[in-house]
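Novice: Show me how the following folds:
(chains A and B)
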Amino acid sequence: MDIRKLALIGALAVAGVSTFHASARAEDVKITVWSLDRDIQPAPNLIKDFNNLKNGITVEYRQIQFDDVVSEAMRAYSTGQAPDIIAVDNPEHALFSSRGAFLDLTDMIAQSDVVKPENYYPGPLKSVMWKDRYFGIPKATNTIALYYNKDMFRAKGLDPDKPPQTWDELVDTARKLTDPAKNVYGITFSAKANEEGTFQFLPWAQMAGGGYDKINAPGAVKALEIWKTIIDEKLASRDTLTRSQWDSTGTFNSGNAAMAISGPWELDRMVKEAKFDWGVALLPLPEPGAKRSSAMGDFNWAIFANTEHPKEAFKVLEYFVSQDNRMFKDFGQLPARSDLAIPSSGQPLKDAALKVFQEQLKYAQPRGPHPAWPKISKAIQDAIQAALTGQMSTQEALDQADQKIKAVLG
Amino acid sequence: MRKLLLSVSDGRGFDIGLVSVPLAFLFAMAGLPLIYNIVMSFQEVDMFSLGTFARPFVGFKNYITLFSLPETWPILRNTAVFVIASIAGQFTIGFALALFFWTGFPGSSWLRGLFLVSWVMPGLVVGAIWNWILSGDFGVLNYILREVGLVSGNIFWRSDPDFSLWAVVIANIWLGISFNMILLSVGLSAISQDLYEAAELDGANVVQRFFTITLPMMRSTIGAIIALGLIFTLQQFDLFAAITAGGPNNSSNVAQYWAWDMSFRQYDFAQGATISVIMIVFVMIASVVYVRSTRHEVRG
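Specialist: As a prediction, the model looks like this:
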């Protein structure tokens, strides 16, 4: 090794040491954040902006995959290597807070000028609560409503400004819109055997007086009966049983379904792909004047109980909350707050849809909260699938689900 | 002392030393997790006790709970159907193709190589593509069947409980054919041509030659392939995840997918481990068959 090479290595080593010093200023508190947000989504961008403030807190970000959120977090927590802050899917929030894995934020929220519970929609807020205490802050939210193809309504002599209001009208409209010769189904939704199936079915049960804790209520049975009618009469594809919401709505965008039940995450793709006039309506009710309800999705922020810097971690969360007004404009996500006016996107169809979703969000209800939610959800999925494939009657299927859920609820 | 040193440098000690390295590796990489899994199936495990070994033992409770579930027997039956049908399909078609390419027509060797493409593709990609092919409304398979006149209406391969398991079987057969064919081709080319020439001189026809020469000479290869096929089929997870997700109503659910669902969707790790232990028993049987059928292949 000659002297020049040695000098070069020495120079590199010195440079390495000095950059190391620059990045880890001794006085900075380091906060780690885990979430599933990609580079175009909120978390990494907000963190970049936060670090640029140079206020003595440095945030490190790690992206985790959707399927790994809970198992990664649990493994990290039980081995004492949990991050300070994590974004967790709202039905799984209670699993952590009920076992004391998340920090109780109630007192910090009470003293905060930024985080105010009254600014939030009730559904998302309820999902971060356990035994009347706050264990997190809603990160974003979404819900489902009825998309419909106005051009197809016109073609079949239906009024495009009068989307179906009740379940019976919905089935009736679907019958009129179904056109096998043109490969058009009346409606598309998802009854898949995963969380999506539960997500789509629960609002129907709740509107009719049911719920996860009374899944075999007469109204819930009627709801499943309507779903079965839709599948049996081929008003929706049989593949509804195995297709995700995203794939199902894809058939709406391509003009193979006249209506679709899905959420605001479809908007950007629909604006791009749908070559027809479309609108969004609130979910139809069991009968006129019935109580509205809808599903509630998306993630919550939480601080792990074993963090060394609870105050600084909460400061980071306060910063995230203070940026909520950017959520829709910059990242296409809905903030979980009712006090923010969302600026126009310049897309008339999208803006009109957004208004409906914001209205629907008022009625959105969380799944649970319950620490054993996945088991409850599985019982509901099994019932939906058993009834829709005709292996059990709707009543039998939901009775069985009720038994399983009662065993979980204890 | 000297004897010991000698034995280590060149003798039994040396052999043991050589063997112990892979053995230690195997034990650390496969043995320990296996034991851990079995222990876990006798414990009460949840998300919060995952990081510790000190968990309450519950005896056979996990096994009793598992077999009291209404879906357990149907899922085990599905697993058996899936394994048998997949292996039968993969092996028969693979063998037929191997025999076909064995005739040595021009270009046969590189055509045979091309078949490996299906084996190289990642399972999730294969699953996603079959997902489209099998789609009920716009799937290519339905289109072909309709045009040929075999069916009048669309078959909902993924969503009809009568077909969903077979949808995955079809995809899995396609995936496994090339592997079977290549291994069988290797076995075929190892058979000496003299045997066939002698048999031909004695007046044996094609069918007789196949049953009295080809099949007996291929016995160990066939045993190995079927045992490997059993292991690969019991491992098949991607196709289920991509095509049916075990639905509708568990009609296409199999033990390996169910174990994952229990552990990582419902966070019931003990139940997941219990299903895995039951599967281990079957894989062990397959391994014994595999080891026995390849035992005399040791080359000096």
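
Novice: Sticking with A:Lys222, tell me its helix or strand.
Specialist: Following DSSP states H and E, one finds A:Lys222 within helix A:218-232.

Novice: What's the first helix or strand after that helix?
Specialist: The first helix or strand that comes after helix A:218-232 along the chain, using DSSP H and E, is helix A:245-253.

Novice: What's the local residue count around the closest residue to A:Glu266 other than its chain neighbours?
Specialist: Distance criterion CB to CB, 6 or more residues apart in numbering or on different chains; nearest residue to A:Glu266, sequence neighbours excluded, is A:Thr249 at 5.0 Å. Backbone N, C-alpha and C define where each C-beta goes, glycine included. For A:Thr249, the neighbour count with other CB atoms under 10 Å in any protein chain shown is 26.

Novice: What are the neighbouring residues in contact with A:Thr249?
Specialist: A:147, A:188, A:260, A:262, A:266, A:270 (CB atoms under 8 Å, 6 or more residues apart in numbering or on different chains).

Novice: if I look at the third one, how far off is chain B?
Specialist: Counting by CB to the nearest CB, to the nearest Å, the gap between A:Ala260 and chain B amounts to 15 Å.

Novice: next one: the fourth one
Specialist: In this structure, A:Ser262 and chain B are separated by 18 Å, where distance is defined by CB to the nearest CB.

Novice: cool, the last one as well?
Specialist: Summarising the geometry, the distance separating A:Met270 from chain B, computed by CB to the nearest CB, is 19 Å.

Novice: Give me the three-state assignment for that residue.
Specialist: Classification of A:Met270 by DSSP: H, G, I helix; E, B strand; the rest coil places it in helix.

Novice: Not counting sequence-adjacent ones, nearest residue to it?
Specialist: With sequence-adjacent residues excluded and distances taken as CB to CB, 6+ apart, A:Met270 is closest to A:Asn253, at 5.7 Å.

Novice: Same check on the fourth one?
Specialist: Here the nearest residue to A:Ser262 in space, its sequence neighbours aside, is A:Thr249; by CB to CB, 6+ apart that works out to 4.5 Å.

Novice: what does chain A put close to chain B?
Specialist: The interface of chain A toward chain B, taken as CB under 8 Å from any CB of the partner chain, is made up of A:67, A:70-71, A:74-75, A:77-79, A:95, A:99, A:101, A:183, A:185, A:192-194, A:237-242, A:251, A:256, A:374-375, A:378, A:382, A:385-386, A:388-389, A:391.

Novice: ChimeraX command to pick out the buried ones of those residues?
Specialist: The ChimeraX command for the buried members of the residues of chain A next to chain B (criterion: 16 or more other CB atoms under 10 Å in any protein chain shown) is given here:
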select /A:70,71,74,77,78,95,99,101,185,192,193,194,237,238,239,240,241,242,251,256,374,375,378,382,385,386,388,389
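
Novice: Among the residues of chain A next to chain B, which are located in helices?
Specialist: The helices, defined by DSSP state H, take in A:70-71, A:74-75, A:77-78, A:95, A:251, A:374-375, A:378, A:382, A:385-386, A:388 from these.

Novice: Looks like A:Thr229 contacts A:Ala174 (just checking).
Specialist: No - A:Thr229 is beyond contact range of A:Ala174, at 9.2 Å (criterion: CB atoms under 8 Å).

Novice: Comparing these two, which residue is more hemmed in?
Specialist: Using other CB under 10 Å as the criterion, A:Thr229 and A:Ala174 rank with A:Ala174 on top: 22 against 15.

Novice: Need phi/psi at the more buried one.
Specialist: Phi and psi for A:Ala174, reported as degrees, to the nearest 10, are phi -60, psi -40.

Novice: and what of A:His370?
Specialist: phi -150, psi 140.
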